[in-house]
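>>> here's a sequence, model it:
(one chain, ligands or ions: 1)
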Amino acid sequence: MCDQPGKCSSNSFKFAAIQIGAGTDKALNLQRAASLVAKAAKDGAKVVSLPECFNSPYGTEYFKLYAEKVPDGESCRSLASMARQNQIYLIGGSIPEADGDNLYNTCTIWGPTGDLIGKHRKVHLFDVSIPGKIHFQESEALTPGCSYTTFDTPFCKIGVGICYDICFAELAGVYAQKGCKVLVYPGAFSMITGPTHWELHLRSRAVDNQIYVVGAAPARVATASYVAWGHSSVVDPWGTVLTETDEKEGIVQADIDLDFLEDVRNQIPFIKQKRLDMYETVEKTQ
Ligand SMILES: O=C(O)CCC(=O)C(=O)O
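Numbers count the residues shown, from 1 in each chain. Predicted structure coming up:
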């Protein structure tokens, strides 16, 4: 599974994050996603993630216009065939989902047979107001999800969050308690928050939980109403950024080495050292 002789243990697999910027033409967005997913798989990736809102521009004005039913819409059909044709686990970034009167920011997860194996609705909606810089209220258009989302692969269990979900350490902590070894966040951090917060959050969630963290971001589209920071990355359980790109379209990929993860956890045993008599992370289900 590893193509760097002497550098990787056999207990590893390749994870790729696709960085693409979406325009207004949905069919074209899907086509471009399919060609980069195929390239990542050809380069050896077994698990691939697309970014948040990869099939439509990102913005409250677009969610209704581009919303589809899951799994009946054209984006889901296209994601299923990308997973099946390339025999990979595919984290389908996110798409605006229509369900009854509600809209969600939804990540679908596909197995190598093209079956839908999970679905995450963004739990923390991006509602911020920074005078003179950014005013964004996702909750004007969207309803938040209320569920944790993990899925199993032959390699390990993986936990899923969308963008702003990464800012909440408790969600990542619950995923780690559930046995996830990788967290993946399709995201679209802004030009205001991205430069200071994106890498900091990726590395913090990785170190807090001694876990791999993958961030799949859109490429920057300078003419868009919401301009994304980009910088898709993979961070290891030590907190080291294994790979990070700039703002342009591309693919980042890294080996997820599960033996290295165990080494880090044994060497600095946070899990055993937690003072559960003083604090704990508690999962609440609805
Ligand atoms: O920029 C951020 O801090 C989060 C952005 C976000 O949640 C999004 O773009 O969906």
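>>> what about the helices in the stretch 51-200 of the chain?
Assigned by DSSP state H, counting those that start in this stretch, the helices in the stretch 51-200 of the chain fall at 63-66, 74-86, 169-177, 199-209.
>>> which of those sits closest to the ligand?
For the ligand, the closest of these is helix 199-209, at 8.2 Å, according to C-beta to the nearest ligand atom. All C-beta atoms are positioned from the backbone trio N, CA, C, and that covers glycine.
>>> other SSEs contacting the closest one?
The elements that helix 199-209 packs onto, with contact taken as 3 or more C-beta pairs under 8 Å, 6 or more residues apart in numbering; DSSP states H and E, are helix 169-177, strand 180-186, strand 212-216, strand 233-235, strand 241-244.
>>> contacting residues around stretch 73-84?
26-27, 30, 33-34, 37-38, 55, 68, 70-71, 88-90, 92, 95, 108, 110-116 (C-beta atoms under 8 Å, 6 or more residues apart in numbering).
>>> pull out the buried members of those residues.
The neighbour count (16 or more other C-beta atoms under 10 Å) marks 26, 30, 33-34, 37, 55, 68, 70-71, 88-90, 92, 95, 108, 110-112, 114, 116 as buried among the contacts of stretch 73-84.
>>> can you tell me which residues in this structure are near the ligand?
Residues of the chain lying near the ligand by C-beta under 6 Å from any ligand atom: 52, 126, 163-164, 188-190, 193, 197.
>>> list only buried entries from those.
For the residues of the chain next to the ligand, a burial check counting by 16+ other C-beta under 10 Å picks out 52, 126, 163-164, 188-190, 193, 197.
>>> could the residues you listed be laid out in CSV, adding pLDDT?
Formatted as CSV, these follow (pLDDT from 0 to 100):
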residue, pLDDT
52, 98
126, 97
163, 98
164, 98
188, 97
189, 98
190, 97
193, 98
197, 98
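>>> next, residue 259: secondary structure please.
Put simply, residue 259 is helix when judged by DSSP: H, G, I helix; E, B strand; the rest coil.
>>> does it touch residue 13 like I think?
No: look at residue 259 against residue 13 with C-beta atoms under 8 Å: they stay out of range, at 11.9 Å.
>>> which one of the helices of the stretch 51-200 of the chain lies nearest to residue 153?
helix 74-86 (12.0 Å; C-beta to C-beta).
>>> for the closest one, buried residues please.
Within helix 74-86, the residues scored as buried using 16+ other C-beta under 10 Å are 75-76, 78-80, 82-84, 86.
>>> report the contact partners of residue 29.
The contact partners of residue 29, taken as C-beta under 8 Å, 6+ apart, are 20, 22-23, 54-56.
>>> host element of it?
Using DSSP states H and E, residue 29 sits in helix 26-42.
>>> quick check: mean pLDDT of that helix?
Taken as a whole, helix 26-42 has a mean pLDDT of 98.
>>> what's the answer for stretch 92-108, then?
Across stretch 92-108, pLDDT averages out at 98.
>>> before we move on, what about stretch 170-182?
For stretch 170-182, the per-residue pLDDT averages 98.
>>> restricting to C-alpha, output that stretch in PDB.
Presented in PDB, the C-alpha positions along stretch 170-182 are these (Å, rounded to 0.1, in the frame of the first residue of the first chain):
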ATOM      1  CA  GLU A 170     -15.300  18.000  21.600                       C
ATOM      2  CA  LEU A 171     -16.600  16.500  18.300                       C
ATOM      3  CA  ALA A 172     -13.100  15.400  17.400                       C
ATOM      4  CA  GLY A 173     -12.700  14.000  21.000                       C
ATOM      5  CA  VAL A 174     -15.800  11.900  20.700                       C
ATOM      6  CA  TYR A 175     -14.600  10.500  17.300                       C
ATOM      7  CA  ALA A 176     -11.300   9.600  18.900                       C
ATOM      8  CA  GLN A 177     -13.100   7.800  21.800                       C
ATOM      9  CA  LYS A 178     -15.100   5.900  19.200                       C
ATOM     10  CA  GLY A 179     -11.800   4.500  17.800                       C
ATOM     11  CA  CYS A 180     -11.300   6.700  14.800                       C
ATOM     12  CA  LYS A 181      -7.600   6.900  13.600                       C
ATOM     13  CA  VAL A 182      -8.300   9.500  11.000                       C
END
